[in-house]
Each structure stands twice: as structure tokens, then as C-alpha cells.
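In: this is a predicted model, with the sequence first.
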Amino acid sequence: MKNFLVCYDLFGNKNYDKLVRRIEQYPVAQKVMNTTFLIKAEEDEQASNVLENLKQTVEDDDRILVIQVKNDAAQANSLTSDSGLNALVK
């Protein structure tokens, strides 16, 4: 499986529920910051595919960033522990 970092900003008085539900459809989705998830997707997924999937739930002025993560991570005061984070990115 591939690991991706997903960050987003929705502008105005918008509801995050549709986007979060879509993110949580991936095999593993762990919220690590208020608007940031680490997800695991199938091995053939590309960041651009994940982005296109998530864009279907937001408006044109919203921001989404998807970056593939490979085997190394560090954090301070995130919503997950060091061991949890390392388990996600392996």
C-alpha cells in the first residue's frame, strides 16, 4: 500500500463532513492534525488520483494537497503518537 498525506482548507462557512467521509473510505485514514490526514491507498494509486477523488466533495475555491509519504516521519503534538505515526508511514 502507498501512504499519502492529505491536507485541506475549505473557505467560507463550509461543512467538512463530505470530504472527511470520502477520506475515511480509504483502507486506512488517520487524522493527524485538524485538517490533515495520513491515508493508505492501493499500491497503484497516484497522488493525482487521490486528489481527483477528494475534489469531488469540495468547491473550486477550496484547497487540497496530496503528497506521497515514504518510510520516514516525525511529529510534535500531532493527534497521533510517534509510534502510531511511524506505523502509518511504513
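Out: Yes, it's here.

In: use CA for all of it now, contacts and neighbours both
Out: OK.

In: how much space separates the spatially closest residue to residue 42 that is not a sequence neighbour from residue 40?
Out: The shortest distance from residue 42 to any residue other than its chain neighbours is 4.9 Å, reached at residue 1 (CA to CA, 6 or more residues apart in numbering). Residue 1 is 6 Å from residue 40, where distance means CA to CA, to the nearest Å.

In: same question for residue 31.
Out: From residue 31 to residue 40 the distance is 12 Å (CA to CA).

In: these two: which is more packed in?
Out: residue 40 (22 against 18; other CA atoms under 10 Å).

In: I'd guessed the more buried one sits against residue 4; true?
Out: Yes - with contact defined as CA atoms under 8 Å, residue 40 and residue 4 form a contacting pair (6.4 Å).

In: where do the helices of this structure begin and end?
Out: Counting by DSSP state H, the chain has helices at residues 17-23, 47-55, 82-89.

In: now for the residue nearest to residue 5 when sequence neighbours are not counted, how many residues are close by?
Out: Residue nearest to residue 5 in three dimensions, not counting chain neighbours: residue 38, with 4.7 Å by CA to CA, 6+ apart. Close neighbours of residue 38, defined as other CA under 10 Å, add up to 24.

In: and residue 73, how far from residue 32?
Out: Taking CA to CA, one finds residue 73 at 12 Å from residue 32.

In: now do the contacts for residue 72.
Out: 86, 89, 90 (CA atoms under 8 Å, 6 or more residues apart in numbering).
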